[in-house]
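A.B. asks: take a look and give me a structure for this.
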Amino acid sequence: MNKPIDPAVLQPTPAFADYLTNTAARIDADAETRALTQGARVGISRPHESAHLHVAGEATYTDDLPELAGTLHCALGLSPVAAGRLTALDLDAIRAMPGVVEVLTAADVPGANDCGSIVHDDPILCDGEIRYMGQPLFAVIARTRNEARRAAARAKQAAAIEAATEPLVLTPQQAHAQQRYVVPPMHLARSAGGVGARAAIDAAPHRLKGQLDVGGQEQFYLEGQISYAIPKEDGAVHVHCSTQHPSEMQHLIAHALHRRSNEVHVECRRMGGGFGGKESQSALFACVAAIAACRLGRPVKLRPDRDDDFMITGRRHCFWYEYEVGYDDEGRILGAEIAMVSRAGHSADLSAPVMTRALCHFDNAYWLPEVSMHGYSGRTNTQSNTAFRGFGGPQGAIAIEYIMDSVARTLGRDPLDVRRANFYGTDEHNVTPYGQTIVDNVIHDLVAQLEAGSAYRQRREAAAAFNATSPVLKRGVALTPLKFGISFNVKHFNQAGALVHVYTDGSILVNHGGTEMGQGLNTKVAQVVAHELGVSFERVRVTATDTTKVANTSATAASTGADLNG
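C.D. replies: Predicted coordinates for the structure are as follows:
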């Protein structure tokens, strides 16, 4: 069992030794290949894989695809009021307009008249209750886009609407006062000392109470919402859609058509920006285009004008806050309580996970020993607000930062000193309100380096000296930390898939579940593939995101696109 191995046995045969020598010499001599392989490493900056197409105007977006013969165009007739009831639609005059081929209403949806991403509360076309100004009432399909738009613009004349008798609910404050929410309220509390936030605030040397408003934000992607649906044999449909979530589009289209997912093919080569606005809200446009294409047996393109896009789709949630904190002479927060109310809009959409993330970012970089947080997603007569870069994180962090600044002003201390007094600890005071232990805390050393390297104190003094002699123009400087959590709140969404083909000529074709919206995801995925296979970057080609190749994917969102798909 322990007999030594004869060294001669380990020597290669003469033929194999020659092969190794020749191979090594050939690899060593090929400097160009070595340089290309070196350039395939991950973690280095490379030009965007489509940069040469972008600058030449050859990068094709959904609206650039050659239109098949017989393609029709769709436009949506929008509600002129923010609340009421649609009692009737007189569409004969619209059907008689030049170029109009068909007009579809909620009754023409073969399956579920719903495009809600989590809660099924978001009708594709109005089925009676009007929830917001700009809600699609019907869809016009015509020979040209202009003909469809002209006909859809007659929505006000075609719709018989029973006006709402109750006042409109437009702000988070109004929704909160009436306890109108799209999902149940959320509560998150932690008591490190066992006294509770309320008692800690009451016992603190100093107390501060106030309110805060933070506005929303439009995604303003350069390419607007668009879908191009092409009917296929045996009842299938192929939808080119500008979306961050092809799999969700596939599922919702299948439900709307009352068909199976394997009969719906969704494809997205690239988007002209998304920022969250095309995660869930591309669904309405994809479903309408698919329904029209399958009903008429002809390709249908739906590209709303920018003003219609703004009217139909939501944006970043605006928030309203009520807060109270107790703190000591150093500015340390001893107890904190906050209520966050968002303007969710008329349906749930992604308001629940947005509020979840806001609650989990209220602590930001600070140890809050006694804290009580409450989240309310207010139902309003407005567009349903949705994902936006940061996804609730900025709305949570800005509240505690506002409080830190207010505490510093009250105490007459430098805001950085108050912030530093509240930083998470390294050995203790290092557990978040939601129970995560911070194991890699670099905040103290990092802020010290930034303070010194930026000449923070000197610049604060210079700003104060300038402000003392300038009654109108003012200067300021701040040094503010930020904690941001990536990945999805729902754990099973943190998954991805990829399909890699290696051809006999050594070229490689990759398809993955992420979507390219200008952020360079395909470039990074190609780098990962080249790096892992030890080949040059130029050997790898990434194809359009396609539900027939990689199935059941998560949205390209939550800062996970490169990590999961790579």
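
A.B. asks: give me the helices and strands touching the strand ranked longest in the chain, please.
C.D. replies: As assigned by DSSP state E, the longest strand anywhere in the chain is strand 333-345. Contact here means 3 or more CB pairs under 8 Å, 6 or more residues apart in numbering; DSSP states H and E; on that basis strand 333-345 packs against helix 172-177, helix 197-203, strand 319-327, helix 351-359, strand 370-379, helix 393-411. The C-beta positions use only the backbone N, C-alpha and C, and glycine is treated the same way.

A.B. asks: so can I have TSV of those showing mean pLDDT, distance to Phe488 and mean neighbour count?
C.D. replies: Shown next, in TSV, are the helices and strands packed on strand 333-345 (pLDDT from 0 to 100; distance: least, CB to CB, whole Å; neighbours: other CB atoms under 10 Å):
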stretch	mean pLDDT	distance to Phe488	mean neighbour count
helix 172-177	98	25	19
helix 197-203	98	28	18
strand 319-327	98	21	23
helix 351-359	97	8	24
strand 370-379	98	18	26
helix 393-411	98	13	20
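
A.B. asks: can you put these in a markdown table and add distance to Ala462?
C.D. replies: Shown next, in a markdown table, are the helices and strands packed on strand 333-345 (distance: least, CB to CB, whole Å):
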| stretch | distance to Ala462 |
| --- | --- |
| helix 172-177 | 39 |
| helix 197-203 | 37 |
| strand 319-327 | 29 |
| helix 351-359 | 36 |
| strand 370-379 | 36 |
| helix 393-411 | 19 |
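
A.B. asks: so Ala478 sits against Pro415, correct?
C.D. replies: Yes. Counting by CB atoms under 8 Å, Ala478 does reach Pro415; the two are 6.5 Å apart.

A.B. asks: more neighbours, these two?
C.D. replies: Pro415 (19 against 11; other CB atoms under 10 Å).

A.B. asks: domain map for this structure?
C.D. replies: Using automatic domain parsing, the domain parsing of the chain gives 72-164+221-312, 172-217+318-440.

A.B. asks: which secondary structure state does Glu428 sit in?
C.D. replies: Following DSSP: H, G, I helix; E, B strand; the rest coil, we place Glu428 in the coil state.

A.B. asks: next, it: phi, psi?
C.D. replies: phi -140, psi 170 (degrees, to the nearest 10).

A.B. asks: burial count for it?
C.D. replies: 9.

A.B. asks: next one, pLDDT for it please.
C.D. replies: Listed pLDDT for Glu428 reads 92.

A.B. asks: begin at 870 from now on, thanks
C.D. replies: Okay, residue one is now 870; in that scheme the one you just asked about reads as Glu1297.

A.B. asks: what about it, distance to Thr1306?
C.D. replies: Glu1297 is 11 Å from Thr1306, where distance means CB to CB, to the nearest Å.

A.B. asks: just Ile1030 next, same as before
C.D. replies: 55 Å.

A.B. asks: these two: which is more packed in?
C.D. replies: Counted by other CB under 10 Å, Ile1030 and Thr1306 do not tie: Ile1030 has more neighbours, with 20 against 8.

A.B. asks: and the residue nearest to that one when sequence neighbours are not counted, what pLDDT?
C.D. replies: Sequence neighbours aside, Gly953 is the residue nearest to Ile1030 in space, at 4.8 Å (criterion: CB to CB, 6 or more residues apart in numbering). We have a pLDDT of 97 for Gly953.

A.B. asks: and Gly953, bridged to which residues?
C.D. replies: Taking DSSP bridges as the rule, Gly953 bridges to Ile999, Ala1032.

A.B. asks: so how far is Tyr1190 from it?
C.D. replies: Remark: distance between Gly953 and Tyr1190 (CB to CB) = 32 Å.

A.B. asks: the strands in the stretch 1020-1169 of the chain, which residues?
C.D. replies: Under the criterion DSSP state E, counting those that start in this stretch, the stretch 1020-1169 of the chain carries strands at the ranges 1028-1032, 1055-1060, 1075-1083, 1096-1100, 1106-1110, 1133-1137, 1169-1171.

A.B. asks: please tell me how far the closest residue to Tyr1192 other than its chain neighbours sits from Lys1352.
C.D. replies: Nearest non-adjacent residue to Tyr1192, counting by CB to CB, 6+ apart: Ile1207, 4.3 Å away. Noted for Ile1207: a distance of 17 Å to Lys1352, by CB to CB.

A.B. asks: now do Asp1314
C.D. replies: Distance, Asp1314 to Lys1352, by CB to CB: 16 Å.

A.B. asks: the two: who's more crowded?
C.D. replies: Between Asp1314 and Lys1352, Lys1352 has the larger neighbour count (other CB under 10 Å), namely 17 against 10.

A.B. asks: mind pulling up the pLDDT for the more buried one?
C.D. replies: We have a pLDDT of 91 for Lys1352.

A.B. asks: go on, the one 3 residues further on?
C.D. replies: On the pLDDT scale, Ile1355 is placed at 88.

A.B. asks: same check on His1381?
C.D. replies: According to the prediction, His1381 has pLDDT 98.

A.B. asks: so it sits right up against Ala1367, yeah?
C.D. replies: Yes. If you go by CB under 8 Å, His1381 and Ala1367 touch, sitting 4.2 Å apart.

A.B. asks: common neighbours of these two, please.
C.D. replies: The overlap between the contact sets of His1381 and Ala1367 (CB atoms under 8 Å, 6 or more residues apart in numbering) consists of Val1394, Val1419, Asn1434.

A.B. asks: what sits against the residue lying closest to Arg1328 once chain neighbours are set aside?
C.D. replies: Spatially, and ignoring its direct neighbours in sequence, Arg1328 is nearest to Val1346 (4.8 Å; CB to CB, 6+ apart). Residues near Val1346 by CB under 8 Å, 6+ apart: Tyr1325, Arg1328, Arg1329, Ala1332.

A.B. asks: check which helix or strand the third one maps to.
C.D. replies: Under the assignment given by DSSP states H and E, the secondary-structure element containing Arg1329 is helix 1325-1337.

A.B. asks: now that helix: mean pLDDT?
C.D. replies: Helix 1325-1337 comes out with an average pLDDT of 97.

A.B. asks: list the buried residues in it.
C.D. replies: Tyr1325, Arg1329 (16 or more other CB atoms under 10 Å).

A.B. asks: what ranges in the chain fall below the confidence cut-off?
C.D. replies: 870-909 (pLDDT under 70).

A.B. asks: quick test: name the residue nearest the centre of it.
C.D. replies: Gly1145 (2.9 Å; CA atoms, centre = their mean).
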